[in-house]
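Q: I need the structure of the sequence given here:
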Amino acid sequence: MMICPKCGQVMPDESRFCQSCGAKLTEDAVEAAENVTDEVTENNKEEENEDEQGEEIDRRVVEETAGAEQAIAGARTMTESAPAMTQTATSGVRTAAGVAGGSVAAKAGAPLPLIFGLVGGGIFLVAAAITLVIVFVVNGKSGEAIQLSDYTKVDFDGTDGDGKARAYLDVKELSIRFAKDMGIDTSLIRDVENNPEDADYGAIFKEGIENFGELMDIYSAINGIKLELDKDSGLKNGDTIHVSYKINEKKIDKVKTKVLGDTKTVTVSGLTEVKAVDPFEHLDVHVDGVSPKAYIYCDSDSKEKWMEYLSFTAEPAEGLKLGDTVKIKVNGYDDEDKFEEDYGVKLSRTEMDYKLDNVDAYVVENAALEQGAVDKMKSATEEYVEQYFEDSNRKKQIKAADIKYVGYYLLTSKNTDTWDSYNKVYLVYSASVSSLEKPKGFKTKTVYFPVEYDDVKRLSDGSYEIDTAYRRILGSTDLQFGFWQMVDGYSSIDTMYDELVTADEADYQGAGYDGLAG
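A: Purely as a prediction, here's the structure:
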């Protein structure tokens, strides 16, 4: 393909006359046209590798700078006689410069070979020099340099001592700055910010379409900036951290703004101050039931806001006996960091041990009863034995003398999960029993009167609860009075022990105390 140096018409290779204007193509003209053709072909190749083109243009600008002034002066006459042509060329170059990446790379467009054809092959170098100067000026950096630190924000969240940091670019403001330096009307964007209801969205759309290439360059440039924090966790108020930048120079070169990435120093602030609190400070422990079947539940009378989201559980919570240790735990505190951030408090502890040492309890240990309990049963038993002989059915037939306390047997259940009595106490009095009948029914004899008390209970205040409603004298002697009656009780201690203690040893552990010990 050839181009006529006179009219710019494209012609077949090796033509000697222009088919449009009839101009004869001399050898010099043919050589010039071939040079133009070669240059156009070279420009097309340069489109395939922008980086190589940029390096080539840089080299040519340096080499031809010395002759550029003369070339521009010589071309001024050409420009004055063909303003439309120059304007077209300039517009094409500016468009190419806005799209191109790299330092000063520009894509060749259709207007350039047209210029070359009109001015003739002889001034090819002049046109090329002008083009390169224009490209360099248009695509060079403009405006003042900016620091990325001025467009960087750092947010802190979490608690003092365990804070977290996040650094990011103010993409909106940075984009507006890039757009402004690239000649895009950013006032339309501000209109949307300041008065969105009355903003001219049609104009905004039109501006976006017209500057689509530049906008994509801005998008690419911002994506070419990466922020890094030297520390982003475990922070406390007053700490100093640093933001550094990794800049993809190839992407940044697509915008006209010069970008500097000096390190930004930030002081940590605004983290929630955390105070240590004890959730058990206002704990109320409620123990109901009787040991060994007591149960427990907990609540708090704290009025603190954070306490509303906590609860307590006890393990174990039931089947408890006096002396057991229960572990009480705080619930609703699964995410410690979030709780501290939300309420500004840190729990000093989340569990505690609670010993059941102040609870009503059935006697379940086979050991001597406290004297207070024994005295209470002695008083009830002595009175009961006396009443036994004062009954109208016996009063005229038998009598008792020398009524006195002997001792007691204590039986405790081997199984605390029982529906029977947890304990049995047989308090024993003795008396010398004689017959008042005539003739006497039996000789005077010592009789032992065991009176039974079930489920003796020691209360949390230290006192004892003893049910006397169902007391009774156990056993029967061979001492007969009246027509068919026998004196209750035992005339033999051994027999009494066998029937009251030994006979129940499968389910109860029993022993004698005081005068019956051993």
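
Q: so which bits of the helix or strand that contains residue 222 are buried?
A: Take DSSP states H and E as the rule and residue 222 turns out to sit in helix 212-223. Going by neighbour count (16 or more other Cβ atoms under 10 Å), the buried part of helix 212-223 is 214, 215, 217, 218, 220, 221, 222. C-beta coordinates here come from the backbone N, C-alpha and C atoms, glycine included.

Q: remind me, longest strand of the chain?
A: Ranked by residue count under DSSP state E, the longest strand found in the chain is strand 398-413.

Q: circling back: quick one: residues in contact with the helix holding residue 222.
A: With Cβ atoms under 8 Å, 6 or more residues apart in numbering as the test, helix 212-223 has contacts from 98-99, 101, 169, 171, 174-175, 178-179, 182-184, 208, 251-252, 254-255, 259.

Q: out of these, which are buried?
A: Here, 16+ other Cβ under 10 Å leaves 98-99, 101, 169, 174-175, 178-179, 182, 184, 251-252, 254-255, 259 buried among those.

Q: need the max-distance pair from these.
A: 99 and 169 (24.2 Å; Cβ to Cβ).

Q: hang on, the earlier thing: among the buried ones among the contacts of helix 212-223, which are in strands?
A: Counting by DSSP E, these place 169, 259 in strands.

Q: and the buried ones among the contacts of helix 212-223, which is closest to residue 329?
A: Of all those, residue 329 sits closest to residue 169, with 45.9 Å by Cβ to Cβ.

Q: let me know whether the closest one touches residue 225 as I believe.
A: Yes - at 6.4 Å, residue 169 and residue 225 qualify as touching, with contact defined as Cβ atoms under 8 Å.

Q: now the common contact residues for the two.
A: residue 148.

Q: now residue 155: how far from residue 243?
A: 12 Å (Cβ to Cβ, to the nearest Å).

Q: give the pairing partners of the helix or strand harbouring residue 330; include direction for each.
A: Applying DSSP H and E as the criterion places residue 330 in strand 325-331. With DSSP bridges as the test, strand 325-331 is paired with strand 311-315 (antiparallel), strand 351-355 (antiparallel).

Q: pick the most deeply packed of the ones you listed.
A: Highest mean neighbour count of the strands paired with strand 325-331: strand 311-315, a mean of 16 (counted as mean count of other Cβ atoms under 10 Å).

Q: which residues does stretch 439-448 contact?
A: Stretch 439-448 has contacts (Cβ under 8 Å, 6+ apart) with 397, 400, 406, 428-435, 475, 477, 479-481, 487, 489-491, 493, 496.

Q: scratch that, stretch 385-405
A: For stretch 385-405, the surrounding residues in contact (Cβ under 8 Å, 6+ apart) are 378, 381-382, 427-437, 441, 447, 449, 451, 473, 479, 481-482, 485, 487-488, 514-515.

Q: same thing with stretch 259-270?
A: 145-149, 152, 154, 156, 163, 165, 221, 225, 235-247, 252.

Q: please save the CA atoms from that stretch in CSV.
A: What follows is stretch 259-270 as a C-alpha-only set of coordinates in CSV (Å, rounded to 0.1, in the frame of the first residue of the first chain):
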residue,chain,number,x,y,z
VAL,A,259,1.1,9.9,43.7
LEU,A,260,3.4,9.7,46.7
GLY,A,261,3.2,6.9,49.3
ASP,A,262,5.0,8.2,52.3
THR,A,263,4.3,6.1,55.5
LYS,A,264,1.4,7.4,57.6
THR,A,265,1.7,7.3,61.4
VAL,A,266,-1.5,6.9,63.4
THR,A,267,-2.1,7.0,67.2
VAL,A,268,-4.7,4.4,68.4
SER,A,269,-7.7,5.9,70.1
GLY,A,270,-11.4,5.4,70.7
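
Q: how far off centre is that stretch?
A: 27 Å (Cα atoms, centre = their mean, to the nearest Å).

Q: please spell out which residues along it are buried.
A: By neighbour count on 16+ other Cβ under 10 Å, the buried set for stretch 259-270 is 259, 261, 264, 266, 268.

Q: and what of stretch 430-439?
A: 430, 431, 433, 434, 435.

Q: ok but the second one is inside a strand, no?
A: If I follow you right, that is residue 431. Yes - assigned with DSSP: H, G, I helix; E, B strand; the rest coil, residue 431 falls within a strand.

Q: how much space between it and residue 478?
A: 16 Å.

Q: same check on residue 196?
A: Counting by Cβ to Cβ, the gap from residue 196 to residue 478 is 113 Å.

Q: which intervals of the protein have sub-threshold pLDDT?
A: The chain contains residues with pLDDT under 70 at 1-143, 188-193, 195, 198-199, 518.

Q: now stretch 327-346 - C-alpha only, CSV.
A: Extracted as CSV, the C-alpha positions of stretch 327-346 are listed here (Å, rounded to 0.1, in the frame of the first residue of the first chain):
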residue,chain,number,x,y,z
LYS,A,327,-19.7,-25.4,90.6
ILE,A,328,-21.7,-22.3,89.6
LYS,A,329,-21.0,-21.0,86.0
VAL,A,330,-21.9,-17.9,84.1
ASN,A,331,-24.0,-18.3,81.0
GLY,A,332,-24.4,-15.8,78.1
TYR,A,333,-20.7,-15.1,77.9
ASP,A,334,-19.6,-17.3,74.9
ASP,A,335,-18.0,-14.5,72.9
GLU,A,336,-15.8,-12.8,75.4
ASP,A,337,-14.5,-10.2,72.9
LYS,A,338,-17.9,-9.1,71.8
PHE,A,339,-19.2,-8.9,75.3
GLU,A,340,-16.3,-6.7,76.3
GLU,A,341,-16.9,-4.5,73.2
ASP,A,342,-20.6,-4.2,73.7
TYR,A,343,-20.6,-3.5,77.5
GLY,A,344,-17.1,-2.3,78.3
VAL,A,345,-16.6,-4.8,81.1
LYS,A,346,-14.5,-7.9,81.5
